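coords below, sequence missing:
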């Protein structure tokens, strides 16, 4: 299921800005698609963002 940046941030307990920063640092092939100026994050992109988040927190 797709999520927005806010939904993912709330789920992870981080700020929207942090998720935006992670997305901006992703390679072009891993960036989520935008729909009406909002990122739509699918399960694959969410897993990649979570992996990046886990590397920062450990």
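Thanks, I have it. Worth saying up front: this structure is predicted, and the values here are computed from it rather than measured. Residues are numbered from 1 along each chain as shown.

Residue 5 - how many residues pack around it?
The number of residues packed near residue 5 is 21, by other C-beta atoms under 10 Å. All C-beta spots, glycine's among them, are computed from the backbone N, C-alpha and C.

Please list all residues in contact with it.
Residue 5 makes contact with 16, 19-20, 23, 38-39, 41 under the criterion C-beta atoms under 8 Å, 6 or more residues apart in numbering.

Please, where are all the strands along this structure?
Shown for the chain, the strands assigned by DSSP state E span residues 33-35, 38-40.

ok, which stretches of the protein are helices?
The residue ranges that make up the helices of the chain, judged by DSSP state H, are 5-12, 16-25, 43-57.

Pick the most buried one from those.
helix 5-12 (a mean of 16; mean count of other C-beta atoms under 10 Å).

I'd like the average pLDDT over that helix.
In this model, helix 5-12 has an average pLDDT of 93.

looking at the strands of the chain, which is buried most?
The highest average neighbour count among the strands of the chain, using mean count of other C-beta under 10 Å, belongs to strand 38-40 at a mean of 15.

Tell me who's in contact with residue 41.
2-5, 8, 32, 49.

same thing but 10 Å
Residues in contact with residue 41 (C-beta atoms under 10 Å, 6 or more residues apart in numbering) are 1-5, 7-8, 19, 23, 31-33, 47-49.

Who does it form a beta bridge with?
On the basis of DSSP bridges, residue 41 takes part in beta bridges with residue 3.
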